[in-house]
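1. Sequence and predicted structure, then a few things I'm wondering about:
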Amino acid sequence: MTFTKLYDTAAAAVADVHNGATVLIGGVSRTGEPTALLAALHSHGAAGLTIVCDFSGWDGSDSIVKLAADGRIARIISPNPYPSASGDNLREVWNSAGVAIESVPQGTLAERLRAAGAGIGGVFVPVGLGTRFADGRETRTINGVECILESPLRADFALVRAASADTLGNLAYQGAQRGWNAVMATAARITITQADTVGEPGAIGPELVITPGIYVNRVVHIPPTGEQG
Amino acid sequence: MTADKERLDRAIIAMRVAKELPPGASVNLGIGIPTLVSMFVADESIVFYHSESGVLNCGPLAEEGSEDIDLINAGGQFLQSVPGMAYFSSVDAFAMIRGGHVDVTVLGAHQVSATGDLANWMLPERGVGNIGGAMDLAAGAEKVIVAMEHNDRSGNSKIVEQCDYPLTGQGCVSLVVTDVAVMQPTAQGIVLLEVAPGWTPEDVQAVTDAQLIIPDTVAEYEV
């Protein structure tokens, strides 16, 4: 019996996502989006989800919108919850589905996820002072710079996308796929990867592994379907 | 009233901003007029573009038909691949910004105050907005340049004594380039540096909410 993190289907990989789970979704726009895992999450039916994702440059890819429209999402945490191309449409979707929106500066989101993945109790971030993002927040002046205390953002599941994986969960990315996927992979109790190619251990040279397998629990092989821009 | 005087177009604003990018600078360009700036940098190879999407030294926008789904900027636009690029995670993208490694950012704005407060992420009448990476850039970039139209579509001045729109950052803007003037916010107020051809300092003041500090000599806007 060989050890493997490979799951046969996306459905099997997301089968234990529970109602009320916090789920990180990697990718920006169509770059690095875990499309098959999102579709499987929709079919699975879990509801009351808190979704953490970046909608920058959102261009109509509708997996998350569909989840919201079907009443599965309770809350979205995002730097760009109203992408300019479709801002007003999405606003209607979020409103009619009763989705609570929590805005967070992009870099602060990245550090909150990193802190969660690294087991750090919080980070002092010099961003947002004098704005509504600082209202009611704990601050401290460190070496003359005023900072806001930000808490780690730890999730139950992360759905990420990689260009290549091995059966031990080591991952490598193509281009800007790495952006949110690499940090989100570290910040969840269960990290599930949709990979374009999956090989045996050694398929990715150890110097070229971007996300070491220790962060990854499950791998699903989904050959890309020619979804070029 | 000076509303009839000819204003510079967006490309000219971008050209003027391009002059502010020192050789070798690491530069982050926001969406809108700022994106145009890269078209007017004299020798493109000497400025290094940083994108929040996790790309450094990224090239110009991709031509239609040769888009790569894995190579985008922060606005989701496709980029050309050029030698010397580097990819990194969002953690690193913002470490570079907050850590002071990005020399200049060029951003659009809804309002800039006389002392350099920036409001560029939410229009109150809309009630919602996208903060994106603007707050990180406002706080972290060594120099924040705003490139925008001087007045909004209803004619309201976007240069104000105090921003009444939700803030992105306080006292962070060091230069404002508009379709009628170049100005420098300071703790004492906003200084008029240059005016568009055909405009006098008084013309600029007439379309500006904030009280301008007008030095003895004000140059003509040159690109």
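-> Perfect, thanks for sending it.
2. Where does the prediction get shaky in chain B?
-> In the prediction, chain B carries residues with pLDDT under 70 at positions B:1-3, B:43-45.
3. Which part of it gets nearest to chain A, residue-wise?
-> residue B:76 (1.6 Å; CB to the nearest CB). For the C-beta atoms, the positions are set from N, CA and C on the backbone; glycine is no exception.
4. okay, now that residue: neighbour count?
-> Residues lying near residue B:76 (other CB atoms under 10 Å in any protein chain shown) number 22.
5. what's the answer for residue B:113, then?
-> For residue B:113, using other CB under 10 Å, the count is 23.
6. all strands in chain B, in order from the N-terminus.
-> If DSSP state E is used as the criterion, the strands of chain B fall at B:26-29, B:48-51, B:55-56, B:86-87, B:104-107, B:111-113, B:118-119, B:143-147, B:159-160, B:173-177, B:181-186, B:189-195, B:212-213, B:219-220.
7. before we move on, what about chain A?
-> A:6-7, A:22-28, A:49-54, A:73-78, A:100-103, A:123-125, A:139-142, A:145-150, A:155-166, A:171-172, A:188-199, A:218-221.
8. Nearest to residue A:207, out of the ones you listed?
-> strand A:171-172 (10.5 Å; CB to CB).
9. If you count contacts, what does that closest one end up packed against?
-> Under the contact criterion of 3 or more CB pairs under 8 Å, 6 or more residues apart in numbering or on different chains; DSSP states H and E, strand A:171-172 touches strand A:155-166.
10. Would you mind listing the buried residues in the helix or strand bottoming out on mean pLDDT in chain A?
-> Lowest by mean pLDDT, DSSP states H and E among the helices and strands of chain A is helix A:87-96, with a mean of 83. Residues A:87, A:90-91, A:93-94 are the ones in helix A:87-96 that count as buried (16 or more other CB atoms under 10 Å in any protein chain shown).
11. elements contacting that helix?
-> helix A:63-69.
12. Pull the residues that contact the helix it packs on.
-> By CB atoms under 8 Å, 6 or more residues apart in numbering or on different chains, the residues outside helix A:63-69 that reach it are A:25, A:33, A:35, A:38-39, A:41-42, A:49, A:51, A:53, A:55, A:73, A:76, A:90, A:93-94, A:97, A:99.
13. just stretch B:215-223 next, same as before
-> Outside stretch B:215-223, the residues touching it (CB under 8 Å, 6+ apart) are B:8, B:12, B:15-16, B:19, B:40, B:181-182, B:191-197, B:201.
14. Show me the two of these that sit farthest apart.
-> B:40 and B:201 (25.9 Å).
15. Which strands or helices does the lengthiest helix in chain A pack on?
-> Secondary structure assigned by DSSP state H gives helix A:106-118 as the longest helix of chain A. Packed against helix A:106-118 by the contact rule (3+ CB pairs under 8 Å, 6+ apart) you find strand A:49-54, strand A:123-125, strand A:145-150, helix A:178-184, helix B:90-98, helix B:134-140.
16. pLDDT below threshold where in chain A?
-> A:1, A:56-61, A:84-88, A:226-229.
17. if we go to 90?
-> Regions of chain A meeting the criterion pLDDT under 90 cover residues A:1-2, A:28-31, A:55-66, A:82-93, A:224-229.
18. Tabulate the helices and strands packed on helix A:106-118 (CSV), appending distance to residue A:14.
-> As requested, these are exported to CSV (distance: least, CB to CB, whole Å):
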stretch, distance to residue A:14
strand A:49-54, 11
strand A:123-125, 30
strand A:145-150, 29
helix A:178-184, 15
helix B:90-98, 23
helix B:134-140, 32
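19. Single out the most deeply packed of the ones you listed.
-> helix A:178-184 (a mean of 32; mean count of other CB atoms under 10 Å in any protein chain shown).
20. Now tell me what touches that one from outside.
-> Counting by CB under 8 Å, 6+ apart, A:24-28, A:31-32, A:52-54, A:110, A:113-114, A:117, A:155, A:158, A:160-162, A:171, A:173, A:191, A:210-211, B:53-54, B:87-91, B:93 sit against helix A:178-184.
21. returning to what we had before: distance-wise, check the residue of chain B closest to chain A relative to residue A:31.
-> Distance of residue B:76 to residue A:31, given as CB to CB, to the nearest Å: 8 Å.
22. do residue B:63 as well
-> Taken as CB to CB, the span from residue B:63 to residue A:31 is 18 Å.
23. For these two, work out which one has more neighbours and name it.
-> A count of neighbours by other CB under 10 Å puts residue A:31 above the other of residue B:63 and residue A:31, at 29 against 9.
24. and the more buried one, bridged to which residues?
-> Beta-bridge partners recorded for residue A:31 (DSSP bridges): residue A:28.
25. Closest to residue A:12 out of the buried residues of helix A:87-96?
-> residue A:93 (29.1 Å).
26. got the CA coordinates for the longest helix of chain A in PDB?
-> Presented in PDB, the C-alpha positions along helix A:106-118 are these (Å, rounded to 0.1, in the frame of the first residue of the first chain):
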ATOM      1  CA  GLN A 106      -5.500  42.900   0.200                       C
ATOM      2  CA  GLY A 107      -2.100  43.000   2.000                       C
ATOM      3  CA  THR A 108      -3.800  42.700   5.400                       C
ATOM      4  CA  LEU A 109      -5.700  39.600   4.200                       C
ATOM      5  CA  ALA A 110      -2.400  38.100   3.000                       C
ATOM      6  CA  GLU A 111      -0.800  38.700   6.400                       C
ATOM      7  CA  ARG A 112      -3.800  37.400   8.300                       C
ATOM      8  CA  LEU A 113      -3.700  34.200   6.300                       C
ATOM      9  CA  ARG A 114       0.100  33.900   6.600                       C
ATOM     10  CA  ALA A 115      -0.200  34.400  10.400                       C
ATOM     11  CA  ALA A 116      -2.800  31.600  10.500                       C
ATOM     12  CA  GLY A 117      -0.600  29.300   8.500                       C
ATOM     13  CA  ALA A 118       2.400  30.100  10.600                       C
END
